[in-house]
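K.L.:
Build me a structure from this.
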Amino acid sequence: MAENESATVVITGASTGIGAACAAGLDRLGWRVFAGVRRMEDGEQLRLRCSTRLTPVPLDVTDAHSIAAATAFVQSSVGPAGLAGLVNNAGIAVAGPLEAVPLAGWRRQLEVNVLGPVAVTQTFLPLLRAGRGRIVNMGSIAGRAAMPLMGPYSASKYALEAITDALRLELLPWGIRVAIIEPGAIATPIWDKSGRDAAALEASVPPETARLYADAAASVRRAVDKAARRAIAPDAVVEAVVHALTAPRPKSRYLVGWDAKVRALMATLLPVRLADKLLVAVLNLPH
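P.N.:
Below is the predicted model of the structure:
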């Protein structure tokens, strides 16, 4: 894609998974990529897979000083040309029954997945205006259809849907397109990490609370294990991100994966009670 040889994009959460795949994919297409990473060791590993156009940048979306430093570095590099794209990808998944997840866990979830993209977008918007760039937010089908025991994660992705909708309208005067990607099960390290975090939470709650949710937790764990086994490669997400950044008429929302499309259809077409009954039956949840 020779037309993108001078196009510049910032990607948050590019250490592993979808973010790393997007960084490598856009680099292959000729983009100049600033890959936000929390640890520069991860950035160096990513650089080995890519061309010299890719530059790892220390970027913690929960740290105002880190965001400001990354913005200043990118600004000094791109100058008046600005940015062609910002991909807000950094995210975590906090799981557990709403009754049991500590407020600190909720704050961490929302700080990374909601306030992080807002903070990054705010600081990079002048560069996006200069480059008439585009914003791509990494959502999830969980932002359209919540899963039991995934309340914090689903809440954060629902919030990102609203943020995307507001931004899409607010930034119209400057021609800045805004889209959200809504993947289903994608093969990334987040499955293992969220599983470990959920197990740690389960071990930390009072025994009587753990007993109350034991059956539901076992059912959801089996469903998550099945989803992880059938998860598709991040390539499909990369394809959606590229389309959102380059298409003359990009979509506002990109559903990625057959499971995401089925769940979106259920959420759209079925009455809430019927959808709940179907989910309870599929997951074999206690009721």
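K.L.:
if I pick Ala142, what's in contact with it?
P.N.:
150, 153-154, 157 (Cβ atoms under 8 Å, 6 or more residues apart in numbering). From N, CA and C alone the C-beta is placed, and that goes for glycine too.
K.L.:
helix/strand/coil for it?
P.N.:
Assigned with DSSP: H, G, I helix; E, B strand; the rest coil, Ala142 falls in the helix class.
K.L.:
Now the phi/psi pair for the nearest residue to Arg177 once chain neighbours are set aside, please.
P.N.:
Distance criterion Cβ to Cβ, 6 or more residues apart in numbering; nearest residue to Arg177, sequence neighbours excluded, is Arg134 at 4.5 Å. For Arg134, the backbone dihedrals are phi -130, psi 150 (criterion: degrees, to the nearest 10).
K.L.:
Quick one: the helices in the stretch 51-200 of the chain, in order.
P.N.:
Using DSSP state H, counting those that start in this stretch, the helices of the stretch 51-200 of the chain run over 64-78, 103-110, 116-131, 151-170, 190-204.
K.L.:
Mind putting those into CSV with mean neighbour count?
P.N.:
Listed next are the helices of the stretch 51-200 of the chain as CSV, based on neighbours: other Cβ atoms under 10 Å:
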stretch, mean neighbour count
helix 64-78, 15
helix 103-110, 14
helix 116-131, 19
helix 151-170, 19
helix 190-204, 15
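K.L.:
of all the ones you listed, which lies closest to Thr55?
P.N.:
Smallest distance to Thr55 across the helices of the stretch 51-200 of the chain (Cβ to Cβ): 7.5 Å, for helix 64-78.
K.L.:
got the contact list for the closest one?
P.N.:
Taking Cβ under 8 Å, 6+ apart as the rule, helix 64-78 contacts 8, 10, 34, 36, 55, 57-61, 83, 119-120, 123-124, 127, 131.
K.L.:
And for stretch 125-132?
P.N.:
Taking Cβ under 8 Å, 6+ apart as the rule, stretch 125-132 contacts 8, 71, 74-75, 78, 80-84, 86, 133-135, 171, 174-176.
K.L.:
Just the endpoints, please. Distance across stretch 252-266?
P.N.:
20 Å (Cα to Cα, to the nearest Å).
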